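here are the coordinates; sequence isn't available:
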């Protein structure tokens with residue numbers, strides 16, 4: 001399973017601020033409410049788990065989150081890959097280029113066929129010509145020269161991620177996000193990949209599985225077992241897939257993300 005994971009992360013620049021006065025509840029009352037709920041349940045929780053649960057309790061009483069800076073931070077793929085690598089999640093070898101000459105240099109260093117991936121903060125770049133293949137450094141440089149002239153959905157291509165091309169036996173999808181309606185974290189797993197998850201949901205809904213996570217208890221073994229089982233992996237890959245799912249969840253929590261996907 002080495003080096004088959006692409007990476008994507010969307011995170012808040014700052015934590016959400018929720019205001020409870022609209023329903024006559026102060027933040028203090030919300031915290032006391034959740035503290036007493038935990039106490040009554042006789043669960044032993046870490047402070048991180050307790051605070052995460054309080055965070056969701058506040059969210060429950062408010063319909064609209066208020067971002068302190070009014071923006072969502074969308075990371076480029078190469079930035080997300082750097083974070084994944086930091087957490088031990090396997091990613092493809094490669095480098096970032098800002099010119100055709102740099103693309104050629106990276107392709108020469110990799111010494112094998114490569115993939116050129118336009119770095120733009122929008123989905124659907126593959127259909128828009130933002131992902132190209134090259135067998136030689138010369139071909140990579142020529143294709144990069146044309147790619148740098150393009151724009152995708154209003155974003156001019158200024159950076160290209162060059163990664164080594166791998167033989168794909170099978171593509172899958174795994175993400176962690178927030179279900180706004182249920183106000184819970186959800187893990188979404190699909191046995192097929194290679195297309196937008198919305199398209200998979202329309203064409204092959206039976207291929208998608210969802211696992212909701214109670215913020216009071218966090219990610220547990222049964223969540224991970226369910227995810228791995230839904231992907232129908234060979235026995236030798238199940239342990240590695242379990243580790244990847246756990247590490248992705250840790251990224252989701254540590255970076256206060258709204259979406260982590262691979």
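Received it, and whenever you're ready, just let me know what you need. Note that the structure is predicted; figures quoted are calculated from it, not measured. Residues are numbered from 1 along each chain as shown.

Tell me where this structure has strands.
8-12, 16-17, 66-67, 72-74, 94-97, 114-118, 131-134, 151-152, 155-156, 160-164, 173-179, 184-190, 208-213, 257-261 (DSSP state E).

who's in contact with residue 219?
Residues near residue 219 by CB atoms under 8 Å, 6 or more residues apart in numbering: 213, 246, 249. Backbone N, C-alpha and C define where each C-beta goes, glycine included.

10 Å instead?
176, 185, 187, 211, 213, 227, 245-246, 248-250, 252-253 (CB atoms under 10 Å, 6 or more residues apart in numbering).

Next: residue 123.
Counted by CB under 10 Å, 6+ apart, residue 123 has contacts 8, 152, 153, 196, 197, 198.

Can you tell me how far it is from residue 256?
Residue 123 sits 21 Å away from residue 256, going by CB to CB, to the nearest Å.

Which of the strands of the chain comes out lowest on mean pLDDT?
Ranked by mean pLDDT, the strands of the chain end with strand 16-17 at the bottom, a mean of 32.

Out of the strands of the chain, which gets nearest to residue 86?
When the strands of the chain are compared by CB to CB, strand 8-12 sits nearest residue 86, at 11.8 Å.

Show me the shaky parts of the stretch 1-150 of the chain.
Counting by pLDDT under 70, the stretch 1-150 of the chain has low-confidence residues at 1-72.

Tell me where it has helices.
According to DSSP state H, counting those that start in this stretch, the stretch 1-150 of the chain carries its helices in the segments 27-41, 47-61, 77-86, 100-110, 137-147.

Residue 125 and residue 119 touch, don't they?
Yes. When contacts are counted by CB atoms under 10 Å, residue 125 is listed as touching residue 119 (8.9 Å).

Mind listing the shared neighbours of those two?
77, 152, 155, 157.

tell me the contacts of the second one?
Right, the one you point to is residue 152. 118, 119, 120, 121, 122, 123, 124, 125, 127, 128, 129, 130.

That one and residue 158, how far apart?
11 Å.
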